[in-house]
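Colleague: Have a look at this fold, sequence not included:
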């Protein structure tokens, strides 16, 4: 079967590398919290990261500000701490290479 539509391409928010949407990890603002969207199904604006090293760089305050701006979500200290814990848990599970 031939696909007539082009595959969606997204850009990593950290390094700027472009890749297919299915190869990237989506981050979204859902119910007022910034969350990792592993299945890419949550509603709302999304941002993408391409690799484990880019995901680890989200701990940087400069990159966090960039993420908050792209998701159109205000920068809050509590949201930052919760998201940082979620990233650490995700990396510990070892699902993302």
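Modeller: Alright, I've got the coordinates. Computed from a predicted structure; not experimentally measured.
Colleague: Tell me which residues of the host helix or strand of residue 92 come out buried.
Modeller: Following DSSP states H and E, one finds residue 92 within helix 77-93. Buried residues in helix 77-93, counting neighbours by 16 or more other C-beta atoms under 10 Å, are found at 79-80, 83, 87, 90. C-betas here are computed from N, CA, C, even on glycine.
Colleague: what's the nearest residue to the most centrally placed residue in the chain if we skip its chain neighbours?
Modeller: Of all residues in the chain, the one closest to the mean position by C-alpha atoms, centre = their mean is residue 27, 2.9 Å from it. Leaving aside its chain neighbours, residue 27 sits nearest to residue 47 (4.9 Å; criterion: C-beta to C-beta, 6 or more residues apart in numbering).
Colleague: is it true that the one you found touches residue 64?
Modeller: No. Residue 47 is not in contact with residue 64 according to C-beta atoms under 8 Å; the separation is 11.1 Å.
Colleague: which of these two has more neighbours?
Modeller: Per other C-beta atoms under 10 Å, whichever of residue 47 and residue 64 has more neighbours is residue 47, with 24 against 18.
Colleague: where does the protein dip in pLDDT?
Modeller: The model of the chain has pLDDT under 70 over residues 1-3, 95-97.
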